[in-house]
Structures are given as C-alpha cells and as structure tokens.
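Trainee: with the sequence up front, the predicted model follows.
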Amino acid sequence: MTELAKPFDMSQPAISKHLKVLEHAGLISRGRDAQRRPCRIEAQPLGQACGWLENYRRFWEESFERLDTLLEEMKKKDKKGKKR
C-alpha cells in the first residue's frame, strides 16, 4: 500500500478501498507473498471495459459533431436575419 500511495495524495485506507473496487470488478487480482499483497492487472476484463467505453466515446463524439453543425447553421441563419 505504501508504494501505491506514495505518488498520490491519498491515504493508505483510500488506496485499499480503490483496490477492493477494482478487484471486485475483476480488473485486478491480488495475491499473497509473505507480508506483501501483490496486485496484477487482469487484461481480458480491462479490454472488455475499454471496448464498452469506446462505444460511448464514439457516441458522444458524433453527438458533439452534430451539435457543432447545428450551431454553425444557427449562426449563419442569425447573421442572414440581421443583415435585412
């Protein structure tokens, strides 16, 4: 825990809670080596999570592009209306 907490402004109990959440989600596994509790990243569930997130990233990117297009059209209409 000390190693993990060192680069972050977090307490050891907070690090422990985060690790438990990641372990419960299947994103990491924890072992036991004497007094140490090494953690290992589980690639397959992490890959599945990345794929799931990628779908949402594309959805929001396309939505923002459509919004940009709509806003540009509205600006053009507004400029035409003011010129009259």
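Mentor: Now that the structure is in, tell me what you want to look at. Numbers count the residues shown, from 1 in each chain.
Trainee: for the helix or strand harbouring Pro13, packing partners?
Mentor: Using DSSP states H and E, the element containing Pro13 is helix 12-24. Other helices and strands packing on helix 12-24, by 3 or more C-beta pairs under 8 Å, 6 or more residues apart in numbering; DSSP states H and E, are helix 2-5, strand 28-30. C-betas here are computed from N, CA, C, even on glycine.
Trainee: pick the most deeply packed of the ones you listed.
Mentor: Counting by mean count of other C-beta atoms under 10 Å, strand 28-30 has the highest mean neighbour count of these, with a mean of 14.
Trainee: now the spatially most central residue of the chain: how far from Pro38?
Mentor: Residue closest to the mean C-alpha point of the chain, counted by C-alpha atoms, centre = their mean, is Leu53 at 7.6 Å. Using C-beta to C-beta, to the nearest Å, we find Leu53 at a distance of 26 Å from Pro38.
Trainee: also Pro13?
Mentor: Per C-beta to C-beta, Pro13 is found 19 Å from Pro38.
Trainee: what pLDDT, on average, does the helix or strand hosting Gln44 get?
Mentor: Element membership of Gln44 [criterion: DSSP H and E] is helix 43-83. For helix 43-83, mean pLDDT rounds to 91.
Trainee: the helices and strands packed on helix 12-24: which one's closest to Phe59?
Mentor: The closest of these to Phe59 is strand 28-30. By C-beta to C-beta, the value is 27.5 Å.
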